Structure formats: C-alpha cells, structure tokens
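Peer 1: The sequence and its predicted three-dimensional model are supplied below.
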Amino acid sequence: MTSPVQKVGLPVVLAALLASPAAMAGHLNVVLEADLSGRQEVGPGPDSRIAGDPNGRGEAYVFGIDGSATTFCYVLQVQGIGELDQAPGNGRMAHIHRGAPGQNGPVVVTLAWPQDGASADCIDESRILPNGAPAFARDPATGALRATALEILTEPGEYYVNVHNAEYPSGVVRGQLRDALEP
C-alpha cells in the first residue's frame with residue numbers, strides 16, 4: 001500500500017504543511033528536522049565503527065501544533081535499508097530517544113514504522129498505540145513522562161530519531177533533531 005506521503009513526495013507534503021493557511025495567517029509553529037544515516041548510529045561498545053546500515057539514509061520532521069503544548073506531528077522518510085516492504089513488528093520500529101549526539105538514550109516517543117519508506121502522524125502525550133502501549137514513554141518507577149512534546153520542541157538537540165529493523169536491532173539509521181531554521 002502506498003502512503004499519502006509517497007504518492008506526492010515528502011517535499012510536497014512539507015511544503016503544504018509549512019504553507020498551510022494557519023502558517024500564512026502569521027502563526028509560527030516550531031519545525032524540527034533530522035538527517036538520518038546509518039553512519040550516525042552509536043554502537044553499544046566503546047569503539048567508533050559504524051553501527052548502522054552505511055547505505056541507510058532518511059529525513060524526519062517534527063512540528064508543533066498551534067496552541068498545544070502536548071501534541072506534535074511528524075513525517076519520517078527512509079531509504080536504503082532493509083525490511084521497508086514488511087509490516088511493523090519483529091524488531092521493525094521507529095522512535096524518538098533522549099540522547100546527545102554520539103550517545104544512546106532511552107525511548108521517549110514511539111513513531112510509526114516507515115513501511116514502504118514513509119510514515120507520518122500527529123500524536124499527543126495521552127495517545128495509546130494499537131498494542132496498548134503509550135506513544136509517549138513513561139518511567140516505570142514513577143509513571144512520569146520521560147519527555148513531553150513541549151520539551152522535545154524546545155530542546156531538540158537533546159533528542160534523536162532512530163529507526164530499527166531485525167538486521168540492526170540497535171538502530172539502522174539515526175539523526176539528531178535540530179531547529180529547521182538553524183544551519
């Protein structure tokens with residue numbers, strides 16, 4: 001099945017989102033981006049070898065919603081990695097993690113697996129996924145959110161997007177979030 005993002009292409013979807021009537025009416029929503037590659041993956045050991053798929057690459061965009069401190073939307077597109085023709089599960093997943101560049105960190109938000117290379121959605125902090133788990137992860141000891149939508153949107157450098165598959169269970173491609181307006 002072809003997703004709406006694939007039918008028209010990521011640049012067209014982003015242009016439409018960024019030039020929506022709300023944006024043209026003077027609203028300035030936060031837009032974050034990440035360039036994903038297998039070369040940015042961080043292995044579990046102390047060595048510096050490439051831990052992800054060296055051919056994998058992609059883009060992620062995360063953006064705020066007018067008047068909401070608990071909701072954001074995202075667009076995720078990847079290519080050059082295996083298993084994109086398969087359904088989610090069996091190690092195929094996508095997340096936002098808390099972690100500085102070069103460091104692994106805990107999952108804070110679960111994103112949709114980019115089957116056929118693309119996924120997109122709007123999620124809020126109370127969203128429950130089809131498997132019954134919350135989209136925004138909670139600390140098992142305290143029940144508190146590990147990160148809020150507002151924290152991610154205002155402190156993007158502390159978070160990264162990571163896509164996993166069965167061949168690369170620790171991550172096939174990764175990219176640090178940053179403000180789309182910054183170089």
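Peer 2: In hand now; what should we look at?
Peer 1: can we go C-alpha only for contacts and neighbour counts from here?
Peer 2: Fine.
Peer 1: Tell me where the model's unsure across this structure.
Peer 2: 1-28, 45-49, 183 (pLDDT under 70).
Peer 1: In it, what residue spans correspond to strands?
Peer 2: 31-37, 57-64, 71-79, 93-98, 107-111, 118-124, 159-164, 173-176, 178-179 (DSSP state E).
Peer 1: Looking at those, spot the one closest to Ala141.
Peer 2: The closest of the strands of the chain to Ala141 is strand 107-111. By C-alpha to C-alpha, the value is 14.8 Å.
Peer 1: middle-most residue in the protein, spatially?
Peer 2: Val161 (4.2 Å; C-alpha atoms, centre = their mean).
Peer 1: Give me the nearest residue to that residue, chain neighbours excluded.
Peer 2: Closest residue in space to Val161, ignoring its immediate chain neighbours: Ile96 at 4.5 Å, by C-alpha to C-alpha, 6 or more residues apart in numbering.
Peer 1: Just list the residues touching the one you found, thanks.
Peer 2: Contacts for Ile96 (C-alpha atoms under 8 Å, 6 or more residues apart in numbering) come out as Val107, Val108, Val109, Thr110, Leu111, Tyr159, Tyr160, Val161, Asn162.
Peer 1: any chance of the strands of the chain in TSV, with distance to Ile152 too?
Peer 2: Formatted as TSV, those follow (distance: least, C-alpha to C-alpha, whole Å):
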stretch	distance to Ile152
strand 31-37	9
strand 57-64	9
strand 71-79	9
strand 93-98	9
strand 107-111	9
strand 118-124	12
strand 159-164	7
strand 173-176	11
strand 178-179	10
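Peer 1: so Ala144 touches Phe136, yeah?
Peer 2: No. With contact defined as C-alpha atoms under 8 Å, Ala144 does not reach Phe136; the gap is 10.1 Å.
Peer 1: Neighbour count: the two, which is higher?
Peer 2: Taking other C-alpha atoms under 10 Å, Ala144 and Phe136 do not tie; Phe136 has more neighbours (24 against 11).
Peer 1: Is it correct that the more buried one is in contact with Leu111?
Peer 2: No. If you go by C-alpha under 8 Å, Phe136 and Leu111 don't touch, sitting 9.4 Å apart.
Peer 1: Distance of Leu32 relative to Gly171?
Peer 2: From Leu32 across to Gly171, the span is 21 Å (C-alpha to C-alpha, to the nearest Å).
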